[in-house]
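Enquirer: Provided below are the primary sequence and the corresponding predicted coordinates.
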Amino acid sequence: MKNMTQSAAARIQSAEAKANNGLVEQGSFAARAQRAAANNQQSSRPAPPNGPSKTGEVSGKGRGNNPPKSK
């Protein structure tokens with residue numbers, strides 16, 4: 001079993017659109033293929049260097065406990 005790629009999903013979606021006067025139904029196989037390809041591509045990307053904290057602590061100095069502004 002292979003993962004869905006963007007190019008394979010595009011071929012599937014193109015064929016369905018040609019067969020249905022340019023329409024691709026929501027929830028159709030072509031739509032699910034596009035979603036699977038996007039998820040596969042997203043999971044293969046490395047995390048950004050400034051991504052969320054991996055320590056479980058809040059990011060940034062004083063986050064979550066700032067006093068309310070005086071009026």
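Expert: Perfect, thanks for sending it.

Enquirer: which stretches of the chain have low pLDDT?
Expert: 43-68 (pLDDT under 70).

Enquirer: where do the helices sit along it?
Expert: Using DSSP state H, the helices of the chain run over 6-19, 29-43.

Enquirer: to Ser70, which of the ones you listed lies closest?
Expert: Checking those against Ser70 by C-beta to C-beta gives helix 29-43 as the closest, at 43.8 Å. (Glycine included, C-beta is placed from N, CA and C.)

Enquirer: buried residues in the closest one, which are they?
Expert: Within helix 29-43, the residues that qualify as buried are 30-31, 33-34, 37, counting by 16 or more other C-beta atoms under 10 Å.

Enquirer: if we take these, which one ends up nearest to Glu16?
Expert: Glu16 has its nearest neighbour among the buried residues of helix 29-43 in Ala30, at 4.1 Å by C-beta to C-beta.

Enquirer: let me know whether Ala17 touches Val24 as I believe.
Expert: Yes - using C-beta atoms under 8 Å, Ala17 is in contact with Val24, at 5.3 Å.

Enquirer: find residues that contact each of the two.
Expert: Counting by C-beta atoms under 8 Å, 6 or more residues apart in numbering, the contacts common to Ala17 and Val24 are Ala30.

Enquirer: so which of these two has more stuff around it?
Expert: Val24 (18 against 13; other C-beta atoms under 10 Å).

Enquirer: would you mind measuring from the more buried one to Ala36?
Expert: 14 Å (C-beta to C-beta, to the nearest Å).

Enquirer: ok so, going back, now the buried residues of helix 29-43 as CSV including distance to Asn3?
Expert: Formatted as CSV, the buried residues of helix 29-43 follow (distance: C-beta to C-beta, whole Å):
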residue, distance to Asn3
Ala30, 17
Ala31, 17
Ala33, 11
Gln34, 13
Ala37, 8
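
Enquirer: between the residues you listed, which is closest to Thr5?
Expert: Distance to Thr5 across those (C-beta to C-beta) is lowest for Ala37, with 5.9 Å.

Enquirer: these two touch, right, that closest one and Met4?
Expert: Yes - between Ala37 and Met4 there is a contact under C-beta under 8 Å: 4.5 Å.
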